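Trainee: just to be clear, the model below is a prediction. Sequence and coordinates:
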Amino acid sequence: MKLILKQDVATVGERGDIVDVKDGYGRNYLIPQGLAIFASKSAIRTAENEEKQISLKKELDIKNATKLAEKIAATSITLAVKAGEDGKIFGTITTQQVADALGEKGLEIDRRKITITSDVKALGEYAATVALTKDIKPELKIWVVKEEE
């Protein structure tokens, strides 16, 4: 039975592949679970058109992510926090604080995409990574300074 996969299926293939599977596996599992459809001529044409659209969208997303990565790499943020005499800060710097500081500079980044490389427990310079795509991860400099009272 020839099917077009609508999603990645382990040991069978990836989304958009035309695969040949046993009748029972196709009728009893793949099609009812919404993982595949019958490979008719019109379905094959539709799948090819969808693949073209998806590849164009990915290319556009990569271009936009590259431009944003350049802006992020050229940006450094300064966070003023309360600190003790010895330079240790009260609390820690969170990804939400970094995302808010980037938002003030006009770069809207989801906090879940930001990873601070080390725990920020003292004043100084730190680095954070922003995962824009699977491959594009620019580094951001964070300066933690003492808040003026």
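Mentor: Perfect, thanks for sending it.

Trainee: so which residue of this structure lies furthest out from the middle?
Mentor: For the chain, the C-alpha lying farthest from the average C-alpha position belongs to residue 85; by CA atoms, centre = their mean, that distance is 39.1 Å.

Trainee: quick check, that residue in a helix?
Mentor: No: checked against DSSP: H, G, I helix; E, B strand; the rest coil, residue 85 lies outside a helix; its state is coil.

Trainee: if I look at it, how far off is residue 147?
Mentor: Applying CB to CB, to the nearest Å, one obtains 14 Å for the distance of residue 85 from residue 147. In short, each C-beta sits where N, CA and C put it, glycine included.

Trainee: just to revisit the earlier point, phi and psi next, for the residue farthest from the centre of the chain.
Mentor: For residue 85, the backbone dihedrals (degrees, to the nearest 10) come out as phi -60, psi -40.

Trainee: in this protein, what spans have low per-residue confidence?
Mentor: 149 (pLDDT under 70).

Trainee: report the longest helix in it, please.
Mentor: For the chain, the helix reaching the highest residue count under DSSP state H is reported as helix 41-73.

Trainee: give the buried residues for stretch 100-118.
Mentor: By neighbour count, and taking 16 or more other CB atoms under 10 Å as the criterion, the buried residues in stretch 100-118 are 101-102, 107, 109, 114, 116.
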